[in-house]
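[1] Structural data only, the sequence is not supplied:
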């Protein structure tokens, strides 16, 4: 009825209304933000893609377009092997980390293992520490001649030779697997803890034993979480630079990341070949992350029923002490042993594999931390200052960005929203070293190259999604009606954001900030590509010392970084709680 | 009573506590083959704990439970069988249907665990699904089903391997009212058809009355009364049972005289008026002067708008209407007499105003006198 009587003038005024409606604060701001984020995320990847088709001539003077870099990846003497090594390391670490992560989560969430609530924070510590430092510590524990454990075995047990050799591809799998176990843990512990116990009880009353119930009911129910965690570990291991750089590359097992590094800064630097290798690595990781986000994450089962909930745990009987011992062993191997080893090594002028009480000294700490002393090594002392600037500044900027983006994704319907949602997943798919190659080839001829700004730009671009997820999870839990009532009461969009939304999000903002602070404080694979003399970070300092100086100096700076991280972890536990981690 | 060999489940002196709180105390019950027994009581009375002790999901501190003649738990003898070794079936409040399996796989689970042959699994599972009317959705995932259908899957899963006893832990309380009645009737039909011994836990007295062969009323960790539904309703042993099963007006007074079955009870007024003098039955052991709880069910009370003729020994109470509630097919009302509230039920329309004076009459055999 009404449509028939509409006059042409009303038709026209409706169109202009729609045009005016599009020019809202909301639409303008989401659009502008989407463009900025797209610039930060897409440009380096696009330039990386283009650069990978530039082939350097043999003399290194000029480039020509072609597929030469991709051909070389298959014909090169080392790269195909590095590729296979990366696959072996990633698969191995995924299997190890998944086994450790799932078993520890199951023990802590579903059994009566003694002290499980107290053990959990320690199970998670490796998540926050630097795997590179872990590799350094394990090198000093398991090197055949100078390894502390090997020397103890010779002295105490009287064993000839060595009980282990950590400096190979298996050592990389060992250290990476241990350090990434908490990733899997965090993916499964929530659903294990909240699972309706009658799902398991009904298997028991139906006639299945404890083992069968766990295998056919409990684990399949958390399988989507396990798979997600496993994929994340695979991708993270494939992009991990520090561990293979320390433990396998010097002994003949190169990986894609160590090869990309040598193409970026080595003597035979070839940014275009490095770009092609980064593309190859990036395509694999992006594909896996896409599978995880698209097919695995949405499959998770609803196992929470709310009603009739009775939080009970499995009585393991005497086996609970086995579980307890297993848990303690993990903490010893992943946290205590490496830290104790670093402390011991860092107090020796030279490290020969044996504790020499008479020689203990603090000179290594003086050389690596006290920048005002003449004997200070500037590559090391620069690190703390630069890393703290990057961590404070980067975490703050990234959280502001994350806040704005989360708000837009969840609370507005502006133009840029879908694009923002997509853009805040993309960086997760690319290992830091790949993104850093993109940033390097993009900005190498601009003034920000060789400044801290290029590092900060790359850090934020790579890691803001973590902060964004932290905020989003809380924002989804807060009713949108709280915002809407503010608008009803007459407040503008911005006033509502400032007076209502941000105060409600404070816990998430803080948790996200500390998480990013921790990540930035230990960051290696971006920094190693983008640093220059003067802009060394803590991890770059450690790299410098381990490469050009000796183990005790390396251990000293590693300890300094570890102590800073432990303080940040304490703050995180104290103020943020474990819920913030599961985002 | 049933003979010893017919007893399927036997619970003796069961005791269970959580820290300082006693959950179940001295629970004794024999359940015959094919019997449907309901544990009824308010939340926290120990009914679910008892059921979970039978299932093996909780371990009692004392007592003994036997299923099919075999002792499954006896802490004093150091016997405890895991749930999977007890040959029981259980249906949970939250359905607990496994979302990662199809309907068929859910139901077949118990048979697979028992290493049944492929052909046997197929025929038995499909037969169980037919019994609950879900054979047409066998290949569907359980997550695609409605609440009522899920509970049917849980039911089929619990009966498919013909356990000695099936345990129901408030299986209907997650369903909406209409579905609840439908499922209730279906469970009863199925239980009679299969003839399986059943223990059913509920806090809903109407469920208990409709479904059970016998009802066990529990309160504060202790059995209050065991009996068939009619018996429990008509002859509650104490005022808790009287109040919990159906609706009752409870008047506290003293025994003043007794003649044969009839007790004379005086209920003091709380508003300064004359005390109520009532004749009831029961309390055979009570002495003159003892405290008596006088129970009166609304449906046993007749309402009169004028003073009635009381030549036939009926009780008469004069009171004032407090209020009435219209419930469609009948009216519920409250009448105040000497400061006490008495519930009434009227199945025909009466124009009752608040404060209107009315007379209530009831027979002495409907006034149940209880000592506690």
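    All right, it came through fine. Bear in mind the structure is a predicted one, so any value in this text is a computation, not a measurement. Numbers count the residues shown, from 1 in each chain, chains lettered A, B, ... in the order given.
[2] Just give the number of residues close to the closest residue to residue B:147 other than its chain neighbours.
    Counting by C-beta to C-beta, 6 or more residues apart in numbering or on different chains, residue B:147 lies nearest to residue B:175, which is 5.6 Å off, once chain neighbours are set aside. Placement of C-beta: from N, CA and C, glycine included. Using other C-beta atoms under 10 Å in any protein chain shown, residue B:175 has 19 other residues around it.
[3] Same question for residue A:72.
    When counting by other C-beta under 10 Å, one arrives at 17 neighbours for residue A:72.
[4] where does the stretch 51-200 of chain A come near chain B, residue by residue?
    A:196, A:198-199 (C-beta under 8 Å from any C-beta of the partner chain).
[5] Show the average pLDDT along stretch B:86-98.
    For stretch B:86-98, the mean pLDDT works out to 90.
[6] Kindly report the same for stretch B:168-184.
    When pLDDT is averaged over stretch B:168-184, the result is 88.
[7] try stretch A:62-77
    Stretch A:62-77 comes out at a mean pLDDT of 82.
[8] still on that earlier bit, which one (most neighbours) among the residues of the stretch 51-200 of chain A next to chain B?
    Neighbour-wise, those (other C-beta under 10 Å) top out at residue A:198, 26 neighbours.
[9] is it true that that residue touches residue B:96?
    Yes. Counting by C-beta atoms under 8 Å, residue A:198 does reach residue B:96; the two are 3.9 Å apart.
[10] and residue B:234, how many residues sit next to it?
    12.
[11] Mind pulling the model confidence for it?
    86.
[12] and the gap between residue B:367 and residue A:190?
    59 Å (C-beta to C-beta, to the nearest Å).
[13] ditto for residue A:71
    Distance from residue A:71 to residue A:190, by C-beta to C-beta: 47 Å.
[14] More neighbours: these two, which one.
    Taking neighbours as other C-beta under 10 Å, residue A:71 and residue A:190 compare with residue A:190 leading, 18 against 12.
[15] what about that one, helix or strand, and which?
    Using DSSP states H and E, residue A:190 maps to helix A:169-194.
[16] Excluding chain neighbours, what is closest to the residue of the stretch 351-500 of chain A found nearest chain B?
    Using C-beta to the nearest C-beta, the closest approach of the stretch 351-500 of chain A to chain B is made by residue A:476 at 21.7 Å. Residue nearest to residue A:476 in three dimensions, not counting chain neighbours: residue A:410, with 6.5 Å by C-beta to C-beta, 6+ apart.
[17] ok, how many other residues are close to residue A:231?
    21.
[18] Ok, residue A:368 next?
    If we define neighbours as other C-beta under 10 Å, then residue A:368 has 29 of them.
[19] Spit out the contact partners of residue A:74.
    residue A:80 (C-beta atoms under 8 Å, 6 or more residues apart in numbering or on different chains).
[20] name the element it belongs to?
    helix A:68-75.
[21] re the thing from before, looking at it, the residue of the stretch 351-500 of chain A closest to chain B is touching residue A:411, isn't it?
    No. Assessed by C-beta under 8 Å, residue A:476 is found out of contact with residue A:411, at 10.5 Å.
[22] Which one's more surrounded, these two?
    residue A:411 (19 against 12).
[23] Any figure for the gap between that one and residue B:280?
    Counting by C-beta to C-beta, the gap from residue A:411 to residue B:280 is 68 Å.
[24] Then residue A:36?
    85 Å.
[25] okay, those two: which has more neighbours?
    residue B:280 (27 against 13).
[26] and the more buried one, bridged to which residues?
    residue B:263 (DSSP bridges).
[27] From the structure, what's the count of residues near residue 171?
    Went with chain A since none was named. Using other C-beta under 10 Å: residue A:171 sits among 24 other residues.
[28] please go with chain B instead
    Residue B:171 has 26 neighbours, counted by other C-beta under 10 Å.
[29] shaky segments in chain B?
    Chain B contains residues with pLDDT under 70 at B:1-5, B:348-350.
[30] Domain-wise, how is it divided?
    B:4-243, B:247-370 (automatic domain parsing).
[31] those helices in the stretch 251-400 of chain A, which residues are they?
    Under the criterion DSSP state H, counting those that start in this stretch, the stretch 251-400 of chain A contains helices at A:256-265, A:271-291, A:319-331, A:337-346, A:363-369, A:378-411.
[32] who touches the first one?
    The list of residues contacting helix A:256-265 from outside it, by C-beta under 8 Å, 6+ apart, reads A:78-79, A:82-83, A:86, A:238-241, A:244-245, A:249, A:268-271, A:273-274, A:277-278, A:280-281, A:431, A:433-434, A:436-437, A:440, A:525, A:528-529.
[33] which one is residue B:172 nearest to, not counting chain neighbours?
    Nearest residue to residue B:172, sequence neighbours excluded (C-beta to C-beta, 6+ apart): residue B:180, at 4.7 Å.
[34] Phi first, then psi, for that neighbour.
    phi -60, psi -50 (degrees, to the nearest 10).
[35] Next: residue B:345.
    As for residue B:345, its main-chain torsions (degrees, to the nearest 10) stand at phi -140, psi 130.
[36] For the residue nearest to residue A:476, give me its contacts.
    Residue A:410 sits next to A:472, A:475-476, A:480 when contact means C-beta under 8 Å, 6+ apart.
[37] top of those by neighbour count?
    Neighbour counts for the contacts of residue A:410 peak at residue A:472, which has 23 neighbours (criterion: other C-beta under 10 Å).
[38] now the strands for chain A?
    Assigned by DSSP state E, the strands in chain A fall at A:54-56, A:63-65.
[39] Point out the most buried one among those strands.
    Counting by mean count of other C-beta atoms under 10 Å in any protein chain shown, strand A:54-56 has the highest mean neighbour count of these, with a mean of 19.
[40] In the stretch 51-200 of chain A, what residue lies closest to chain B?
    Here the stretch 51-200 of chain A gets closest to chain B at one residue, residue A:198, 3.9 Å apart by C-beta to the nearest C-beta.
[41] Give the full set of residues in contact with residue 193.
    Looking at chain A here, since you left the chain open. Counted by C-beta under 8 Å, 6+ apart, residue A:193 has contacts A:109-110.
[42] The chain in question should be chain B.
    Counting by C-beta under 8 Å, 6+ apart, residue B:193 has contacts residue B:131.
[43] separation between it and chain A?
    Using C-beta to the nearest C-beta, to the nearest Å, residue B:193 is found at 21 Å from chain A.
[44] Can you tell me the SS state at that residue?
    Taking DSSP: H, G, I helix; E, B strand; the rest coil as the rule, one finds residue B:193 in the helix state.
[45] Leaving out chain neighbours, which residue sits closest to residue B:287?
    residue B:255 (7.0 Å).
[46] Which neighbouring elements make contact with the host helix or strand of the one you found?
    In this structure, residue B:255 is located in strand B:249-259 according to DSSP H and E. The helices and strands touching strand B:249-259, judged by 3 or more C-beta pairs under 8 Å, 6 or more residues apart in numbering or on different chains; DSSP states H and E, are helix B:239-244, strand B:262-267, strand B:276-282, strand B:291-296, strand B:340-346.
[47] And for the second one, what's in contact with it?
    What it means is strand B:262-267. For strand B:262-267, contacts defined as C-beta under 8 Å, 6+ apart pick out B:251-258, B:275-283, B:286, B:292, B:294, B:338, B:340, B:364, B:367, B:369.
[48] hmm, 7 Å instead?
    With contacts defined as C-beta atoms under 7 Å, 6 or more residues apart in numbering or on different chains, strand B:262-267 is touched by B:251-258, B:275-283, B:292, B:294, B:340, B:364, B:369.
[49] Same check on the first one?
    By C-beta under 7 Å, 6+ apart, the residues outside helix B:239-244 that reach it are B:205, B:217, B:219, B:224-225, B:232, B:236, B:248, B:250, B:293, B:295, B:368, B:370, B:372.
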